[in-house]
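Student: this is a predicted model, with the sequence first.
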Amino acid sequence: MTVRFRGTSPTAQNIFAGAWTSWKGTRYGVRFQGIGGKFQIIFADQEVSNYREALAINQAAYDLFRKKMMAEGVLFHPSALFHHGITSSHSKEDLSSFLEKFGEFLNS
């Protein structure tokens, strides 16, 4: 798992910083890439920095993740390449709940 916190908002840094260690050793290659409050959870074996690398992401793993999140009431875009955002309307409790659900998915 790779984390790029450079440029992410303090809220995003605080919310996601503690979660990465619990996600190590899962069967998915997971990466968090973002800037400001925008982020993408990428299922890939390497950091995505160009179009060709983006085409190599694991769409099937993202689809499983998205279906699990939808079942849990968490909306994610159907495209694995679409970025998501943390807004002022998201509470720390909302984000903590998401991280818990995401951790459950990764460990399933």
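Tutor: Yep, that arrived.
Student: state which helix of the protein is the longest.
Tutor: Across the chain, the helix with the greatest residue count (assigned by DSSP state H) is helix 92-106.
Student: how about it: buried residues?
Tutor: Within helix 92-106, the residues that qualify as buried are 95, 98-99, 101-102, 105-106, counting by 16 or more other CB atoms under 10 Å. C-beta: built from backbone N, CA, C; applies to glycine.
Student: which parts of the chain are helices?
Tutor: Assigned by DSSP H, the chain shows helices spanning 10-17, 20-23, 51-55, 59-71, 92-106.
Student: so which of those helices is nearest L81?
Tutor: helix 51-55 (5.8 Å; CB to CB).
Student: buried ones in stretch 43-54?
Tutor: 43-44, 48.
Student: same question, stretch 70-81
Tutor: With burial defined by 16+ other CB under 10 Å, the residues of stretch 70-81 counted as buried are 76, 80.
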